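In: next comes the sequence, and after it the predicted model I'd like to discuss.
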Amino acid sequence: MYKYFPHTEADIEQMLKRISVKSVDDLFAEIPDSVVLKKEYDLPVSKSEIEIRKYFENLGNKNKKLTVFAGAGAYDHYAPSVIGPLISRSEFLTAYTPYQPEIAQGTLQYIFEYQSMICELTGMECTNASMYDGPTATAEAMFMVVASAKKKNTVLVSQTVNPNILKVVKTYAKYRGINIEEIAEKDGCTDKADMESKLSSGDVAGVIVSSPNYYGIIEDYTGYSDAIHAAKALFVMNTDPSALAVLKSPAEWGADIACGDGQSLGMPLNFGGSYIGFLASKKDLVRKLPGRIAGATTDVDGKRAFVLTLQAREQHIRREKANSNICSNQSLMALYVTIYMSLMGKEGLRDVNKLSYSGAHYLYDQLLATGKFKAAFEKPFLKEFAVKTSLNIDVLSKKLLNHGILGGIQLGKYKDGMDDCLLFCVTEKRSKEEIDQLVSLIKEV
Amino acid sequence: MKYYDKLIFEISKEGRHGYTLPENQLAKYSIEDIPSTLLREEKAQLPEASELDVVRHYTNVSNKNFGVETGFYPLGSCTMKYNPKINDEIANMPAFSSLHPLQSDETVQGVLEVYYNLARSLSEISGLAEYTLNPFAGSHGELVGLMIMRQYHIKRGDLKRTKVIVPDSAHGTNPASAAVCGLEIVEVHSNEKGTISVEDLKPLLDDTIAGIMMTNPNTLGIFETEILEIADLIHEAGGLLYYDGANLNPLLGKCRPGDMGFDIMHINLHKTFSTPHGGGGPGSGPVGVSKALVDFLPNPRVKKDGDCYYLDNGDDSLGSISGFLGNFSVYIRAYTYILSLGKDNLKNVGPLATLNANYIKESLRQYYYLPIEGICKHEFVFDGLLDKSTGVTTLDIAKRLLDYGFHAPTIYFPLLFTQSIMIEPTETESLDTLNAFIEVMKTVAIEAKEDPETVKNAPYTTPVRRLDETMAAKKPMLIYKDLL
């Protein structure tokens, strides 16, 4: 038997006897003969660990590890060394959803800490135990606003929201019969006048904007809260939690719901997953939040303890009446970002932003100084910015790739009329030398 | 060991930190240059702790948890099998973990090959034509599968098919996923054998039915023997069959959902394919479809041309359901598992899981009430104690098991019985472990009779004892600030 199977021949004999059947095949006797699998799987035979390692080393060699100057929803931030070993502890890694709280206080406690930290950053009053990723968290925020509005069925989404998020929101809306209308963008920002005119239709349940937006711009949302709430709609802000160490929080902007991707909190790029979505809100919306929520209570001896709470909202109780079908969360990733935020703390997350800001603005100045780049928008930004270039973008990208660099994202692939634009990102991981090398390679094009 | 009860906020001390960063060589570019109206006024009150503070805190916190590596975890419908270490080692290789999701296809050929090959392997194991690995979890897979079902009918212009049939024994996610997807639920009842009643199904079939969601074996661990007849009926009525892959484990090596007539299915890689549950995620819920439905799969898809792999966005696709390509770090683990076992060992998974479940069932039926007779598959359900006079409930039994060092089974599910105890041992547990569990289950049954109060007040030896869940819901305290 393979090493994961502890059964000896004698064990199997003994077990069959207890069950009163002659063979293991007899345990499948009721399956109609026409569907019984009569062949072997068309798959390779078992590989030893030595062969497994070689196989994946070969596959790994077919990937190209790059120096990353791109973001667009996945950010190459520093990951402190202690997180990996801590989240690999089997007590965390191999547990399931904390259904038996007496022996799952570890999971429940870190979820509580995670919820506390997400609320600190967003300024919100409650949040759930996490979502799959930023785009699906935003789609669930859309469900929340529609569920809260009862009869209204339109949600406005700014065109400055990351197109990857917009696509997912539209898919979710399509099948649930929710009407999505886009708010036009103007100079890289949400067109407030367009929003106000669309709000006047009377059918708008909520408005979704993002900060920083897809182009990295820190939009000024002054007056949005009043306009949206005057139309009896809810204000949803998609945001980058790392940036919230320095930027005005969704709560300060007057938003009712904050959502986004927590990957920027030091998580590896991992080719797009596993990441973590977050979804936080004002307290009056807590019963509309999907998924697990941990809360504090006491045990029979009066000891403080944590438990999954407000479960009457969830699918396993409400079944088809639940507002969401979400079941588990991205729990281990919630632990990841909780440990990250504990290590970085109050000052560290600010330092990350300061370094990223400096690097990004230095690169921006250097690019403009080449004379081959222009600002796509003259707007404040943090670590990510869009530029227009007179250079051939394909040639430029290829050249950088040959030197092991992932340059800016080609915006033309995702946005109409932006074929000459690149979206660069600089995090604290990029040194001045790396930025200088990038610029000198660009100058050679 | 002394009970550790601190929150990270409670060990925080101003001025400590647990990181190092390079000196800012470009400090003349200062964040203060951002207009102050765009900046936050007060610093977020994140904890301040040294590296060892943080390491020791989370180590102590972990000690309050029970995982598969702590002990037997017979949680029904969750397939808590051993999570091999080699899977983690491979997933953490920098050659995979450091890739940006928007890198060009030619720089990520290795990851695309993992995606493609795993999708092909799942097709072979399940008998369906093609897979997407983009869904993040089982429930997400269900939602995507139902979107495919709807997309199929919409593309044919058959817009009145807005109902989906769900058995009363289904996982709670099934009706919830259907509702989120804009489908109306029609419930079909189980018969006395615990399976779908074909007679009850027939009158439900008309031209408003989009399809049926089934689990086979069902949540009672019983194989739906009339599946071929059910498949014919649904197909004749113009509907599609959706397979909830939560219970796929016992079928490995024995039969394939595609061969039973299912058109769409999801697989929980964190169940059947050994990836860790992580305390409730990240999971992965790949969705497979029959040939006729391939074009409706979500974007992007991974395709192969000669020796090259590339991403493709199709026009008939239902759209995007994830920011990028799903939980790569999870599905690379599942692929490692499949390659490790190979076809020669994968075929033993279903039989051994089934053997283990039946062994426990037959060993305990003199003590616990077995409502459905017969051979089960990977799991089975007791309806509480055989002796109903003790006043000891399923919850009490579950809590008492914790004192004896076992995780509790799934309780109060399925909803068909009032005292459900759903037990799933998986194939990675030894006869010795099963015997130890059986002995404890017997002991608890005897205790229930002789000393019911002891069982009713359990547990006693766990880090905390029974919790006041009513207070938690009545007066929600959801963040640290609520405690102050």
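Out: Thanks, I have it.
In: taking the stretch 251-400 of chain A, what residue is nearest to chain B?
Out: Closest contact between the stretch 251-400 of chain A and chain B, by CB to the nearest CB, is at A:Gly272 (2.6 Å). C-betas here are computed from N, CA, C, even on glycine.
In: state the number of residues packed around that residue.
Out: The number of residues packed near A:Gly272 is 25, by other CB atoms under 10 Å in any protein chain shown.
In: so for residue 251, what's the pLDDT?
Out: If you meant another chain, say so; for now it's chain A. Turning to A:Ala251, the model gives it a pLDDT of 98.
In: wrong chain, I was asking about chain B
Out: On pLDDT, B:Leu251 comes in at 97.
In: can you give me the neighbour number for it?
Out: By other CB under 10 Å, 29 other residues sit near B:Leu251.
In: could you find the closest non-adjacent residue to the residue of the stretch 251-400 of chain A closest to chain B?
Out: B:Phe324 (2.6 Å; CB to CB, 6 or more residues apart in numbering or on different chains).
In: ditto for A:Val439
Out: On the basis of CB to CB, 6+ apart, the spatially nearest residue to A:Val439 that is not a chain neighbour turns out to be A:Gln366, at 4.5 Å.
In: what is the neighbour count of that neighbour?
Out: Applying other CB under 10 Å, we find 17 other residues in the vicinity of A:Gln366.
In: any idea how far it is from B:Lys43?
Out: 31 Å (CB to CB, to the nearest Å).
In: tell me if the longest helix belonging to chain B is near chain A.
Out: With secondary structure taken from DSSP state H, chain B has its longest helix at helix B:328-364. Yes. Under the criterion of CB under 8 Å from any CB of the partner chain, chain A is reached by helix B:328-364 at B:328-330, B:336, B:338-348, B:351-352, B:354-356, B:358-359, B:362-363.
In: if you count neighbours, what's buried in that helix?
Out: Buried residues in helix B:328-364, counting neighbours by 16 or more other CB atoms under 10 Å in any protein chain shown, are found at B:328-343, B:345-364.
In: and for B:Tyr29, the neighbour number?
Out: Using other CB under 10 Å: B:Tyr29 sits among 18 other residues.
In: thinking it is in contact with A:Ser358, fair?
Out: Yes. In this structure, B:Tyr29 is within contact of A:Ser358 by CB atoms under 8 Å, at 4.1 Å.
In: wait, what's in contact with B:Cys255?
Out: Residues in contact with B:Cys255, defined by CB atoms under 8 Å, 6 or more residues apart in numbering or on different chains, are A:28, A:31, A:35-37.
In: can I get the residues you listed in TSV with distance to A:Glu378, secondary structure and neighbour count?
Out: Rendered in TSV, the data for those read as follows (distance: CB to CB, whole Å; DSSP: H, G, I helix; E, B strand; the rest coil; neighbours: other CB atoms under 10 Å in any protein chain shown):
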residue	distance to A:Glu378	secondary structure	neighbour count
A:Phe28	70	helix	21
A:Ile31	69	coil	21
A:Val35	66	helix	20
A:Val36	69	strand	14
A:Leu37	65	coil	19
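In: pLDDT for these - can I get that in CSV?
Out: Below are these laid out as CSV (pLDDT from 0 to 100):
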residue, pLDDT
A:Phe28, 97
A:Ile31, 96
A:Val35, 96
A:Val36, 96
A:Leu37, 96
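In: which one of the residues you listed is nearest B:Thr443?
Out: Nearest to B:Thr443 out of the contacts of B:Cys255 is A:Phe28 (CB to CB; 32.4 Å).
In: I'd like to know how far the closest one sits from B:Leu251.
Out: 9 Å.
In: could you pull out the strands for the stretch 51-200 of chain B?
Out: Taking DSSP state E, counting those that start in this stretch as the criterion, the stretch 51-200 of chain B contains strands spanning B:130-132, B:163-167, B:184-188.
In: got it, and the stretch 101-250 of chain A?
Out: A:126-127, A:154-158, A:179-183, A:185-186, A:189-190, A:204-211, A:234-239.
In: how about those strands, which one is nearest B:Lys442?
Out: By CB to CB (comparing all of the strands of the stretch 101-250 of chain A), the closest turns out to be strand A:126-127, at 44.0 Å.
In: is that closest one anywhere near chain B?
Out: Yes. Contact between strand A:126-127 and chain B is present through A:126-127 (criterion: CB under 8 Å from any CB).
In: who does that strand pair with, and is each partner parallel or antiparallel?
Out: Here strand A:126-127 is paired, per DSSP bridges, with strand A:277-281 (antiparallel).
In: and the angle for the strand it pairs with with strand A:234-239?
Out: Between the direction of strand A:277-281 and that of strand A:234-239, the angle (axes from the mean of the first three to the mean of the last three CA atoms, to 10 degrees) works out to 140 degrees.
In: how about residues contacting strand A:277-281?
Out: Contacts of strand A:277-281 with the rest of the structure, by CB under 8 Å, 6+ apart, involve A:118-119, A:122, A:124-128, A:130-138, A:140-141, A:144, A:241, A:250, A:256-262, A:288-291, A:330.
In: repeat that for stretch B:469-478.
Out: Among residues not part of stretch B:469-478, those counted as contacts by CB under 8 Å, 6+ apart are A:112, A:115, A:125-127, A:286, A:293-298, A:307, A:309-312, B:482-483.
In: 10 Å - rerun?
Out: A:101, A:111-112, A:115-116, A:119, A:125-128, A:283, A:286-287, A:289, A:293-298, A:304-312, B:468, B:482-484 (CB atoms under 10 Å, 6 or more residues apart in numbering or on different chains).
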